[in-house]
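Asker: got a structure for you, letters missing:
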Ligand SMILES: NC(=O)c1ccc[n+]([C@@H]2O[C@H](COP(=O)([O-])OP(=O)(O)OC[C@H]3O[C@@H](n4cnc5c(N)ncnc54)[C@H](OP(=O)(O)O)[C@@H]3O)[C@@H](O)[C@H]2O)c1
């Protein structure tokens, strides 16, 4: 049987100039309550939510479903209140006191590499499932295929810029939601929606699914055209 991966979508809020945080890589409020609610619904409808270790270290997000009704609905469907929370973290740097461990019930997964220090992995294994994938950085294609075998069919990616690049450049993203807020952050070192090395050619092409006004910003939903066939992994 060929390996399969989950349906993968990125959700991010960015400024009018494409920045997702400040030049100090600090989280800042870009969207309003309607967008938070939309994001909460996306979380609640996903089997798992994924972030990079950079986001855990800078923002310490809990990645929980905020609405009580949505948590109850998930429970009524026989699911955990929160989707599985996944951190892409080559060297097992996720702090044991991170909010993903402290807040909300539900499974957590830390995706590490063969280079991750054994002692750190052991500590994290007391709080989360550990998946080892890749040598220097996490092999995202293999990780997604493994997640699919764990019953994860719908995966929401909540950044940051480097993880987004890793997934987009590997052709592993199906859709992208961006809320574009009415603010300019500026700064050549401030993270953008997709950072990493960048394409020289063979850019990732998108087609527009929808575009709507939301509060004082715009919500844009894109389909990514050129996904990689995971059967080639
Ligand atoms: N506005 C928004 O919607 C939003 C959402 C989320 C985050 N953010 C912002 O984004 C910033 C964090 O982004 P970031 O780029 O610094 O970090 P990130 O994308 O959250 O995490 C990147 C890290 O993941 C690890 N990684 C392991 N394997 C990887 C692979 N194959 N591809 C890519 N990454 C891999 C690497 O660290 P190791 O080598 O140590 O594994 C890498 O440095 C923060 O400023 C945060 O506030 C904004």
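Answerer: Structure received. Computed from a prediction, not measured in an experiment: that's the story for all the values here. Residues are numbered from 1 along each chain as shown.

Asker: next one: phi and psi at the residue positioned nearest the centre of the chain?
Answerer: The centroid of the chain falls nearest to residue 157 when counting by Cα atoms, centre = their mean (2.2 Å). Backbone geometry at residue 157, expressed as degrees, to the nearest 10, gives phi -110, psi 130.

Asker: For it, give me the pLDDT.
Answerer: We have a pLDDT of 99 for residue 157.

Asker: The closest residue to residue 90 other than its chain neighbours: what's it in contact with?
Answerer: Using Cβ to Cβ, 6 or more residues apart in numbering and skipping residues adjacent in sequence, the residue nearest residue 90 is residue 113, 4.4 Å away. Placement of C-beta: from N, CA and C, glycine included. Contacts for residue 113 (Cβ atoms under 8 Å, 6 or more residues apart in numbering) come out as 90-91, 132-138.

Asker: Closest one to residue 51 out of these, please.
Answerer: Distance to residue 51 across these (Cβ to Cβ) is lowest for residue 138, with 12.3 Å.

Asker: Weed out the non-buried ones from the contacts of residue 113.
Answerer: Among these, those classed as buried by 16 or more other Cβ atoms under 10 Å are 90, 132-134, 138.

Asker: Secondary structure element holding residue 86?
Answerer: Here residue 86, judged by DSSP states H and E, is contained in strand 84-88.

Asker: Please disregard the earlier target; I meant residue 57.
Answerer: helix 53-59.

Asker: Name the surrounding residues that touch that helix.
Answerer: Applying Cβ under 8 Å, 6+ apart, the contact partners of helix 53-59 are 21, 25-27, 61, 87-90, 93-95, 98, 100, 158-163.

Asker: mind running it again at 6 Å?
Answerer: 25, 27, 87, 89, 93-94, 98, 159-160, 162 (Cβ atoms under 6 Å, 6 or more residues apart in numbering).

Asker: that older thread, which strand or helix spans the closest residue in space to the residue nearest to the centre of the chain that isn't next to it in sequence?
Answerer: Take residue 157 and drop its neighbours on the chain: the residue closest to it by Cβ to Cβ, 6+ apart is residue 10, 4.5 Å away. Under the criterion of DSSP H and E, residue 10 resides in strand 7-14.

Asker: Equivalent analysis for residue 101, please.
Answerer: helix 99-102.

Asker: Is any residue of the helix ranked longest in the chain near the ligand?
Answerer: When the chain is parsed with DSSP state H, its longest helix is helix 33-44. No - Helix 33-44 is not in contact with the ligand by Cβ under 6 Å from any ligand atom; minimum separation 8.6 Å.

Asker: Residue 83: what's it in contact with?
Answerer: Counted by Cβ under 6 Å, 6+ apart, residue 83 has contacts 46-49.

Asker: Give me the residues contacting the longest helix of the chain.
Answerer: Outside helix 33-44, the residues that touch it by Cβ under 6 Å, 6+ apart are 11, 49, 65-67, 70, 156, 179, 214-215.

Asker: re earlier: any idea how far the helix holding residue 57 is from the chain center?
Answerer: In terms of Cα atoms, centre = their mean, to the nearest Å, the centre of helix 53-59 is found 11 Å from the chain centre.

Asker: Now do the buried residues in that helix.
Answerer: Buried positions in helix 53-59, judged by neighbour count with 16+ other Cβ under 10 Å: 53-56, 58-59.

Asker: closest to the ligand among those residues?
Answerer: The shortest approach to the ligand among these belongs to residue 54, at 2.0 Å (Cβ to the nearest ligand atom).
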